[in-house]
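# Need coordinates for the following:
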Amino acid sequence: MNKAKILKRLIEQNYNSVKEFSKCCNLPYTTVYTILKNGVGKANVNNIIVICRELNITVEQLYDIAGDKKEQHNIITSLGISSKDKLTDSESQLLKKYHFLDEYGKEAVDSILNVEYNRCVNINNATYDFYSKIVDDELEEIIKEEEKKVALQEKELV
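Numbers count the residues shown, from 1 in each chain. From the prediction side, this is the model:
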């Protein structure tokens, strides 16, 4: 989707008009109108930053939402995901939706995500503990058997 269309949609969702929005940004109405009409690529980058800040998104998020593949790659790389680890469509949609949330929504999602993450970590730790207990028990048995063999060999030598 076109970046200017995304900005326009966000402005329409959050403000009564472009004029009201431009007042909140302290930008001239004609500047905002021209950006929305002619596109983001021709605009002064400082104006785009001001607009994005007022809409509570970053410029990177705007490019991500617009589906700019190069910018999306930069975002994915910054998240520590290697280029061979592709995001699924579901993961991409999740990130796009998350970017649209306000602080309250992000806190709610983060809380649920932390609860579920900890639940899964605990399950994995319990599974690890279970299997490591089995390995420890088997290892202990092997050590006892080896100690018996050594003791028998020592008796035979005496």
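
# Centre of the chain to the longest helix belonging to the chain, how far?
When the chain is parsed with DSSP state H, its longest helix is helix 103-157. Between the centre of helix 103-157 and the centre of its chain there are 30 Å (CA atoms, centre = their mean, to the nearest Å).

# how close does the residue nearest in space to the middle of the chain sit to residue 6?
Relative to the mean C-alpha position of the chain, the nearest C-alpha, by CA atoms, centre = their mean, is the one of residue 95, at 6.1 Å. Using CB to CB, to the nearest Å, one obtains 15 Å as the distance from residue 95 to residue 6. Where C-beta positions appear, they are placed from N, C-alpha and C, glycine not excepted.

# Give me the three-state assignment for the residue nearest to the centre of the chain.
helix (DSSP: H, G, I helix; E, B strand; the rest coil).

# Check residue 41 too.
Per three-state DSSP, residue 41 ends up coil.

# who's in contact with it?
Residue 41 makes contact with residue 3, according to CB atoms under 8 Å, 6 or more residues apart in numbering.

# Over to residue 37?
residue 4.

# neighbours of the nearest residue to residue 8 once chain neighbours are set aside, just the number please.
Spatial nearest neighbour of residue 8, chain neighbours left out: residue 36 (4.9 Å); criterion: CB to CB, 6 or more residues apart in numbering. Neighbourhood size, residue 36 [other CB atoms under 10 Å]: 20.
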